[in-house]
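Asker: What follows is a predicted structure for the sequence shown.
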Amino acid sequence: MPSFRTRAILAVCCIFLLDGTVMAQPYPSHTVKIVVPFPPGGSNDIIARILAQKLTERDGQPFVVENRGGAGGNIGSDAVASSDPDGYTLLLTAPPPLTTNAALYKNLKYDPSQAFAPIALVATVPIVLVVHPSIPVKNVQELIALARAKPGVLNFGSSGNGSTNHLAGELLKSLTGIDIVHVPYKGAAPAMTDLIGGHIPMMFDNMPAVLPQVQGKVINAIAVAGATRASALPDVPTVAESGVPGFEAFSWFGLVAPAKTPAPVLAKLQADVEAILKMPDVQKRFTELGAEPGTLSGDAFGKFLADDTAKWTKIIRSSGATVD
């Protein structure tokens with residue numbers, strides 16, 4: 001009969017063999033969850049579902065979207081940050097949880113700069129200034145004049161405190177001196193619903209959510225927030241063109257994993273996303289939504305996140321924007 005020492009050595013060997021078998025399993029070997037930290041129906045959700053479908057088709061395992069909204073995206077993002085770093089829980093988010101929330105929230109449970117491993121910039125999206133048809137303005141200068149005539153009366157909605165759309169409104173206030181009141185919602189979709197219903201007169205929102213409503217003449221687009229006009233709305237001028245020089249804001253959606261996710265898993269995801277974003281049908285779909293496929297991954301996306309954090313932190317501090 002083998003001695004105790006021999007049995008112990010055999011047991012350890014079996015453990016290492018089993019561990020090697022588990023580690024050798026191809027990724028992904030079961031369902032991958034992509035957390036969207038905002039409610040369904042917004043631009044973030046639309047982009048995530050396009051990517052999830054293509055990843056599912058490419059890898060033969062389900063990639064499912066789970067919406068976990070709340071606290072400006074912090075609830076869902078914290079859930080991903082604290083999940084196992086094995087590649088089976090990912091975060092696809094708009095900027096706030098990765099860039100602006102650190103300057104807006106005093107007690108974040110995670111450090112955005114340390115909690116995540118960057119995978120890829122999935123899409124960049126123009127932001128559009130839209131108004132309800134009942135508002136008697138056709139351009140930015142008329143909106144500014146109305147706001148000056150009625151200080152503190154006009155409200156602007158957003159997808160939440162600290163969102164890029166909220167900060168675009170704060171930037172407009174800062175550069176023009178107008179007094180308009182921010183109304184935060186729990187996501188872009190409910191804000192858009194209230195804009196369509198005439199409960200709020202205006203908002204900045206991302207092109208994928210705006211475009212169908214503008215094309216259907218449900219709301220009016222009076223300016224694009226980016227540095228250049230958007231190809232989806234070529235006749236709509238930029239805010240800067242409309243007499244507010246220096247105004248520029250756009251949104252984006254990025255995919256990250258929990259920090260310490262194995263490098264081979266990250267490399268696999270980066271390669272998959274890069275290939276998907278080059279697919280003609282995906283590019284066509286993004287164009288229809290008014291989005292542009294991202295071109296950054298890995299360390300390059302990480303630098304982008306650091307630069308964007310610095311930019312918006314400066315704007316937050318100069319504008320005095322805070323979380324209610």
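Answerer: It's in. Note that the coordinates shown come from a computational prediction; the quantities given were computed from them, not determined experimentally. Numbering: from 1, shown residues only.

Asker: list the contacts for the closest residue to Asp84 other than its chain neighbours?
Answerer: Spatially, and ignoring its direct neighbours in sequence, Asp84 is nearest to Pro258 (7.2 Å; C-beta to C-beta, 6 or more residues apart in numbering). Backbone N, C-alpha and C define where each C-beta goes, glycine included. The contact partners of Pro258, taken as C-beta atoms under 8 Å, 6 or more residues apart in numbering, are Val80, Ala81, Ser82, Ser83, Asp84, Pro85, Thr89, Ala115, Phe116, Ala117.

Asker: cool, and Ser43?
Answerer: Applying C-beta under 8 Å, 6+ apart, the residues near Ser43 are Ala94, Val125, Ala188, Asp205, Asn206, Met207, Pro208, Ala209, Ser251, Phe253, Leu289, Ala291.

Asker: thought the last one was touching Leu211?
Answerer: No. With contacts defined as C-beta atoms under 8 Å, Ala291 does not count as touching Leu211, sitting 9.7 Å away.

Asker: hang on, the earlier thing: so what sits opposite the residue nearest to Asp84 in the bridge?
Answerer: With DSSP bridges applied, the residues forming beta bridges to Pro258 are Phe116.

Asker: For this protein, give me the ranges with low pLDDT.
Answerer: By pLDDT under 70, the weakly predicted segments of the chain are 1-24, 319, 321-322, 324.

Asker: can you pull out the strands in it?
Answerer: Taking DSSP state E as the criterion, the chain contains strands spanning 32-36, 63-67, 89-93, 116-131, 155-158, 181-184, 202-206, 220-224, 250-258, 292-293.

Asker: Name the strands paired with the last one and say parallel or antiparallel.
Answerer: This means strand 292-293. With DSSP bridges as the test, strand 292-293 is paired with strand 116-131 (antiparallel).

Asker: Please tell me how far Leu91 sits from Leu175.
Answerer: From Leu91 across to Leu175, the span is 32 Å (C-beta to C-beta, to the nearest Å).

Asker: Equivalent analysis for Asp235, please.
Answerer: With C-beta to C-beta as the criterion, Asp235 and Leu175 are 23 Å apart.

Asker: Check Glu292 too.
Answerer: Counting by C-beta to C-beta, the gap from Glu292 to Leu175 is 25 Å.

Asker: the more surrounded of those two?
Answerer: Neighbours per residue (other C-beta atoms under 10 Å) separate Glu292 from Leu175, with Glu292 holding more: 19 against 16.

Asker: my read: that one touches Leu277, true?
Answerer: No. Using C-beta under 8 Å, Glu292 is not in contact with Leu277, being 9.7 Å away.

Asker: Quickly list the domain ranges of the chain.
Answerer: When the chain is parsed into structural domains using automatic domain parsing, the resulting residue ranges are 27-125+251-319, 126-224.

Asker: Would you mind saying which of these lies nearest Glu241?
Answerer: Of all the domains of the chain, the one in closest proximity to Glu241, counting by C-beta to C-beta, is domain 126-224 (7.8 Å).

Asker: now the end-to-end length of the closest one.
Answerer: 7 Å (C-alpha to C-alpha, to the nearest Å).

Asker: Quick check, central residue of this structure?
Answerer: The geometric centre of the chain, computed from its C-alpha atoms, lies nearest to Ala94 (C-alpha atoms, centre = their mean), at 1.1 Å.

Asker: Quick one: residues contacting that one.
Answerer: Under the criterion of C-beta under 8 Å, 6+ apart, the neighbours of Ala94 are Phe38, Ser43, Asn44, Gly73, Ser159, Ser163, Thr164, Asn206, Ser251, Trp252, Phe253.

Asker: can you do 6 Å?
Answerer: Applying C-beta atoms under 6 Å, 6 or more residues apart in numbering, we find Ala94 in contact with Asn44, Ser251, Phe253.

Asker: quick one: which of the residues you listed is most hemmed in?
Answerer: Asn44 (32 neighbours).

Asker: quick one: that residue from Gly60, how far?
Answerer: On the measure of C-beta to C-beta, Asn44 and Gly60 end up 26 Å apart.

Asker: And for the nearest residue to Gln53 once chain neighbours are set aside, the neighbour number?
Answerer: Excluding its sequence neighbours, the residue lying closest to Gln53 (C-beta to C-beta, 6+ apart) is Phe63, at 7.7 Å. The number of residues packed near Phe63 is 23, by other C-beta under 10 Å.

Asker: List the beta-bridge partners for Phe63.
Answerer: When assigned by DSSP bridges, Phe63 has beta-bridge partners Val32.

Asker: Val80 versus that one, what's the distance?
Answerer: As it turns out, when the distance is counted by C-beta to C-beta, Phe63 lies 14 Å from Val80.

Asker: now the helices for the chain?
Answerer: Using DSSP state H, the helices found in the chain span residues 4-23, 43-59, 74-81, 101-104, 112-115, 140-149, 164-176, 188-196, 207-215, 263-277, 280-289, 298-319.

Asker: For Arg68, find the nearest of those helices.
Answerer: Among those, helix 74-81 sits nearest to Arg68 (C-beta to C-beta), with 3.4 Å.
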